[in-house]
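Chemist: Prediction below, plus the sequence it came from.
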Amino acid sequence: MSGPTVLIVDDERTLARSIKTFLTESGYEAEVAGDAESALELLESFRPDVIFADVRLPGMGGIELLERIREFDASIPVIIMTAYGSIEGAVEAVKLGAFDYLKKPVDLEELKLLADRARETSLLKQELSYYRNREAKKLPFAGMIGESTAIRAVMEQARQIAALDDTPPVLITGETGTGKGLIARTLHASGPRASKPFIEVNCTALPGSLMEAELFGHERGAFTDAKQSKIGLFEAAEHGFIFLDEIGDVELALQGKLLRAIEERMVRRVGGIRDRKIDVRILAATNRDLEREAQAGTFRRDLYFRLAVILLRLPPLRERDDDVLLLAEDFVRRFSTKYGKDVKRMSPAVRDALLAYSWPGNVRELSHVMERAVLWSEGGVLEAEQLSLTKMDDAGQVRVTSEMPIPDMSATDANTGLSLPGALPPRGTDLAQWERSMIEQALREANGNQTQAAQRLGVSRDTLRYRLKKFGIQ
Ligand SMILES: Nc1ncnc2c1ncn2[C@@H]1O[C@H](COP(=O)(O)OP(=O)(O)OP(=O)(O)O)[C@@H](O)[C@H]1O
Ligand SMILES: [Mg+2]
């Protein structure tokens, strides 16, 4: 048999049998268990798609059974049956994650409709998570973590650029700590020149004249200390990459020489008379607004336009939805290994604090915060006391705090994963409409409290706010 499967858990044999017959005639494969214990035994072998369970059972009751089923597999919809006139347990059951409840005496038609709906909803859930996983798998650009739309767009561009053997220069912009260095190294490591050199130059480090000799090399006797000739970093990067970090700090005099090297693909050593051809891919990074500086004349416009033929703009962490959690989890794993700790997860309060914070220092700041937290951690769960986030107070002063605003999470259900309330909408309703109505429902349930509504829907508050704006709710 390959029809959808239903498990009926009820000690009223006659009723259970008539439900079974009715469902079998409607194309379901049905099985009956007389008590919770035998129902649990059947879970593994029978793998029901939908379960109907009486709230009153001999031994373990329906509510406890529901909890045990959810531990086994939270995606199986469970419908609780209650005696007519009492919705005893029904509300509690739905709170605990039951798909719905059904009043006794049972109307078989109604029961079948419920079974159909539960089945359709769980299929849809599976489909959604399939697409999510598929999308997620496709995305990572080597070691870069992130699934938000903002970072995906950059990674996709980066992937295309990396695949090419040669491109015009690439300018990487973004606030401090957003991953400019990381993406530059990844462009090198995941492309055809991966086995060739990657030379990183911090343009802030040296004054212009020394920088020129560093970049282009010098001939013997070119200046007082030049006892021997030396090749420059451009030549050293031959067939590979040169990464000019903090390009905005290059002095104006040197900017002209850089422009020539990039345009003509030639370098001349300091004190030399011969131009040398170079085959080097050029990456540059800055956290300054070079476009504006170019307009203002503090950075050469021609060099800016030359460098910015391909522009990769890394989004700040606060514009990356839930990526902060993905990254935090990854840092927890890494630092747990590094420090021999056994941190398995973060408490809801920690997750909430991470989402609420604005991350001026972006991913680097997050990594430092998580490193400290793991260091201070005890046991398997990271707690909010272990976080210390730099906060601005009202006077704009920076202070370090560990007391974070922690909303009361005790009332929210733990299975928020993707628990879809209620039923599928009428045919013809599109997903966006459906999403909208679910958000409205969650908000109503939470009396307008966005934190609780977001928890209920299993998304971050930022994501919820974004959706509210998108749908123009409130
Ligand atoms: N998407 C990401 N996934 C994983 N780690 C990341 C990601 N982005 C950044 N990091 C990590 O965050 C830290 C800061 O990144 P990086 O040094 O590349 O930032 P940056 O933009 O170059 O900063 P700055 O402007 O201060 O030089 C690094 O440890 C980097 O590995
Ligand atoms: Mg950097």
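Modeler: Arrived safely. Ligands and ions are numbered 1, 2, ... in the order given.

Chemist: quick one, phi psi at the residue of the stretch 1-150 of the chain found nearest ligand 1?
Modeler: Closest approach between the stretch 1-150 of the chain and ligand 1, counting by Cβ to the nearest ligand atom: I145, at 3.6 Å. From N, CA and C alone the C-beta is placed, and that goes for glycine too. The phi and psi values for I145, taken as degrees, to the nearest 10, are phi -100, psi 140.

Chemist: residues in contact with it?
Modeler: 323, 326-327, 330 (Cβ atoms under 8 Å, 6 or more residues apart in numbering).

Chemist: Now the buried members of the residues you listed.
Modeler: Using 16 or more other Cβ atoms under 10 Å as the burial test, the contacts of I145 include 323, 326-327 as buried.

Chemist: Those: which ones sit near ligand 1?
Modeler: Of the entries in those, the ones placed beside ligand 1 under the rule of Cβ under 6 Å from any ligand atom are L327.

Chemist: which among the buried ones among the contacts of I145 gets closest to G271?
Modeler: If you rank those by distance to G271 using Cβ to Cβ, L327 comes first, at 47.7 Å.

Chemist: my guess is that closest one contacts R364, does it?
Modeler: No. L327 is not in contact with R364 according to Cβ atoms under 8 Å; the separation is 10.7 Å.

Chemist: In space, not sequence, find me the middle residue of this structure.
Modeler: The C-alpha lying nearest the average C-alpha coordinate of the chain belongs to D323 (Cα atoms, centre = their mean; 3.4 Å).

Chemist: Look up phi and psi at that residue.
Modeler: Per degrees, to the nearest 10, the backbone of D323 is at phi -60, psi -30.

Chemist: cool, G271 as well?
Modeler: The phi/psi pair for G271 (degrees, to the nearest 10) reads phi 80, psi 0.

Chemist: Start and end of stretch 289-300, how far apart?
Modeler: Distances were taken as Cα to Cα, to the nearest Å; on that basis the terminal residues of stretch 289-300 are 13 Å apart.

Chemist: List the buried residues in it.
Modeler: Of the residues in stretch 289-300, those buried by neighbour count under the rule 16+ other Cβ under 10 Å are 290-291, 293-294, 299-300.

Chemist: mind checking how far that stretch is from the chain centre?
Modeler: 34 Å (Cα atoms, centre = their mean, to the nearest Å).

Chemist: Is it positioned near ligand 1?
Modeler: No. Judged by Cβ under 6 Å from any ligand atom, stretch 289-300 and ligand 1 are separated, with a smallest distance of 13.3 Å.

Chemist: mean confidence score for that stretch?
Modeler: Confidence over stretch 289-300, taken as the mean pLDDT, stands at 94.

Chemist: Could you do stretch 189-205 as well?
Modeler: Rounded mean pLDDT across stretch 189-205 is 90.

Chemist: Give the buried residues for it.
Modeler: In stretch 189-205, counting by 16+ other Cβ under 10 Å, buried: 190-191, 193, 196, 198-201, 203.

Chemist: still on that earlier bit, which one of the buried residues of stretch 289-300 sits closest to M438?
Modeler: The closest of the buried residues of stretch 289-300 to M438 turns out to be E291 (Cβ to Cβ; 41.8 Å).

Chemist: got the contact list for that closest one?
Modeler: Applying Cβ under 8 Å, 6+ apart, we find E291 in contact with 304, 308.

Chemist: how about a cut-off of 7 Å?
Modeler: Each residue near E291 by Cβ atoms under 7 Å, 6 or more residues apart in numbering is listed here: Y304.

Chemist: Could you do F52 as well?
Modeler: Remark: with contacts taken as Cβ under 7 Å, 6+ apart, F52 is in contact with 6, 8-9, 79, 81, 102.

Chemist: can the residues you listed go into CSV with extra columns for neighbour count?
Modeler: Converted to CSV, those look like this (neighbours: other Cβ atoms under 10 Å):
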residue, neighbour count
V6, 27
I8, 26
V9, 27
I79, 23
M81, 26
L102, 18
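
Chemist: Tell me which of those residues fall in strands.
Modeler: When those are checked against strands (DSSP state E), the matches are 6, 8-9, 79, 81, 102.

Chemist: would you list those residues in JSON lines and tack on pLDDT and distance to P168?
Modeler: Rendered in JSON lines, the data for the ones in strands among the contacts of F52 read as follows (pLDDT from 0 to 100; distance: Cβ to Cβ, whole Å):
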{"residue": "V6", "pLDDT": "96", "distance to P168": "62"}
{"residue": "I8", "pLDDT": "97", "distance to P168": "67"}
{"residue": "V9", "pLDDT": "97", "distance to P168": "67"}
{"residue": "I79", "pLDDT": "95", "distance to P168": "61"}
{"residue": "M81", "pLDDT": "93", "distance to P168": "68"}
{"residue": "L102", "pLDDT": "92", "distance to P168": "66"}
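
Chemist: residues bridging contact with L327 and R364, i.e. touching both?
Modeler: Common neighbours of L327 and R364 (criterion: Cβ under 7 Å, 6+ apart): none identified.

Chemist: just to revisit the earlier point, can I get the buried residues of stretch 189-205 in TSV including distance to ligand 1?
Modeler: Written out in TSV, the entries for the buried residues of stretch 189-205 read as follows (distance: Cβ to the nearest ligand atom, whole Å):
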residue	distance to ligand 1
S190	14
G191	18
R193	20
K196	21
F198	14
I199	16
E200	10
V201	13
C203	12
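
Chemist: Please enumerate the strands of the stretch 251-400 of the chain.
Modeler: With strands called from DSSP state E, counting those that start in this stretch, the stretch 251-400 of the chain shows them at 266-268, 275-277, 281-286, 310-313, 345-346, 381-382, 389-392, 398-401.

Chemist: To ligand 2, which of the ones you listed lies closest?
Modeler: If you check each of these against ligand 2 by Cβ to the ion, strand 281-286 wins as the nearest, at 6.2 Å.

Chemist: For the stretch 51-200 of the chain, what lies in contact range of ligand 1?
Modeler: 144-146, 174, 176-182.

Chemist: closest to A308 among the contacts of F52?
Modeler: The shortest gap between A308 and any of the contacts of F52 belongs to I79, at 59.3 Å (Cβ to Cβ).

Chemist: which residues touch that closest one?
Modeler: Each residue near I79 by Cβ under 7 Å, 6+ apart is listed here: 52, 98-102, 114, 118.

Chemist: neighbour-wise, which of these leads?
Modeler: Using other Cβ atoms under 10 Å as the contact criterion, the top neighbour count among the contacts of I79 goes to F52, which has 28 neighbours.

Chemist: What strand or helix carries the residue in the chain positioned nearest to ligand 2?
Modeler: Scanning the chain for the residue nearest ligand 2 gives G181, at 3.6 Å (criterion: Cβ to the ion). Element membership of G181 [criterion: DSSP states H and E] is helix 180-189.

Chemist: Name the residues of that helix that are buried.
Modeler: For helix 180-189, a neighbour-count test (16+ other Cβ under 10 Å) marks 180, 182-188 as buried.
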